[in-house]
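In: need coordinates for the below:
(one chain, ligands or ions: 2)
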Amino acid sequence: MQKNDDESKLTEAVIARLSADADPRFRRVMQSLIRHVHDFVREVELTEDEWFEAIKFLTATGQKCDDKRQEFIMLSDVLGVSMLVDAINHRSAEGTTETTVLGPFFVHGAPEIENGGDMAAGWDGEPTCVSGQVRATDGTPLAGALLDLWQSNSEGNYDVQLADTGGRQLRAKLHADAEGRFRVRTILPTSYPVPTDGPMGKVLERMGRHPMRPAHLHFMVSAPGYETVVTHLFVKGDPYLDSDVVFGVKDSLIVDFKRSESASEAQKLGLQAPFYRASYDFVLRPAGAARRLAARSARDAA
Ligand code: BEZ
Ligand code: FE
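Out: Ligands and ions are numbered 1, 2, ... in the order given. So this is what the prediction gives:
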């Protein structure tokens, strides 16, 4: 019988129980996870009280999750894990639009609107128009590319955080035209705090961190045969760009939302002056490009 009374041998004993028949990737991930968790516990000399606090914290995190709230994604975001996964998975994505966190507020089934339509009809806020083009890395316009957008209201709340919004709000799906061009009317996004009424809120407070995200508009841009881009456009000048609670800001995603007082320009866009106007082009790479690059660098390294 294996004895587990030797602290130094425990880690290898746990790893040794992994079946040799387990999926190789799963084995690799589990071995590393076990090593790092054991090393962490040794390094901080975790007390039994702290261990139980951690169990209570993870339990509370799970209990805070439902079909509208994902506290585990928040945990990952706030600890910078989501952005690390993002960085690792988009290495060598040069020439494409940079990606950032999905966040916990994406939901499937946003209403389809026409290109040029209004995704914020009936909501108070500063009238805004965002337009641009979706292209491939070689410059080819991606006709009919799908843009799935979501944002918070002018008080910083997503529809899923509000009672009785009557379905999906401040969300839209629209198709770019034959030249890959798109235009959408909305309201100017504002900075907002991530929800702090759950376990993550308490942890942020104990770490002495603010809960704010700089103003942004979420995009998921896809086209058949191309890698989907999940990203945001951040509003230039926002005071939280340098201290986003989820570390999601990248310089290339900061966009000037220019204020205009032109009534004629506003009328052409179907807006009221004064309004804000931003433009941004999205660039997608062919599907499988990341796999091909990884295979090539593995070959080069061999
Ligand atoms: C968001 O942008 O919607 C978001 C991202 C990460 C954590 C919380 C909210
Ligand atoms: Fe957001």
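In: tally of neighbours for Phe40?
Out: A total of 10 residues lie near Phe40 under the criterion other CB atoms under 10 Å. (C-beta placed from N, C-alpha, C; glycine too.)
In: ugh, wrong one, I meant Leu75
Out: As a measure of burial, Leu75 has 20 neighbours, counting by other CB under 10 Å.
In: on the three-state scheme, Arg206 is what?
Out: helix (DSSP: H, G, I helix; E, B strand; the rest coil).
In: now do the same for it: its pLDDT.
Out: At Arg206 the predicted local confidence, pLDDT, stands at 96.
In: what sits against the closest residue to ligand 1 within the chain?
Out: Closest residue of the chain to ligand 1, CB to the nearest ligand atom: Gly103 (2.8 Å). Contact partners of Gly103, counting by CB atoms under 8 Å, 6 or more residues apart in numbering, are Ile73, Asp77, His218, Val246.
In: ligand 1 next: which of those residues are close?
Out: For ligand 1, the contacts drawn from the contacts of Gly103 by CB under 6 Å from any ligand atom are Asp77, Val246.
In: what about the contacts of Gly103, which are in strands?
Out: His218 (DSSP state E).
In: in JSON lines, list the contacts of Gly103 along with pLDDT and neighbour count.
Out: Shown next, in JSON lines, are the contacts of Gly103 (pLDDT from 0 to 100; neighbours: other CB atoms under 10 Å):
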{"residue": "Ile73", "pLDDT": "92", "neighbour count": "20"}
{"residue": "Asp77", "pLDDT": "95", "neighbour count": "24"}
{"residue": "His218", "pLDDT": "98", "neighbour count": "22"}
{"residue": "Val246", "pLDDT": "98", "neighbour count": "21"}
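In: now the contacts of Gly103 in a markdown table, with distance to Met119?
Out: Output for the contacts of Gly103, formatted as a markdown table (distance: CB to CB, whole Å):
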| residue | distance to Met119 |
| --- | --- |
| Ile73 | 23 |
| Asp77 | 24 |
| His218 | 11 |
| Val246 | 23 |
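In: what does this protein put close to ligand 1?
Out: Near ligand 1, when you scan the chain using CB under 6 Å from any ligand atom, you find Met74, Asp77, Val101, Gly103, Pro104, Phe105, Val194, Arg213, Val246.
In: try it again at 5 Å.
Out: Within the chain, the positions lying close to ligand 1 (CB under 5 Å from any ligand atom) are Asp77, Gly103, Phe105, Val194, Val246.
In: where's the first one relative to Gln151, distance?
Out: Per CB to CB, to the nearest Å, Asp77 is found 17 Å from Gln151.
In: check the fourth one too.
Out: Taking CB to CB as the criterion, Val194 is separated from Gln151 by 14 Å.
In: low-confidence regions, the stretch 1-150 of the chain specifically.
Out: Scanning the stretch 1-150 of the chain for pLDDT under 70 picks out the ranges 1-5.
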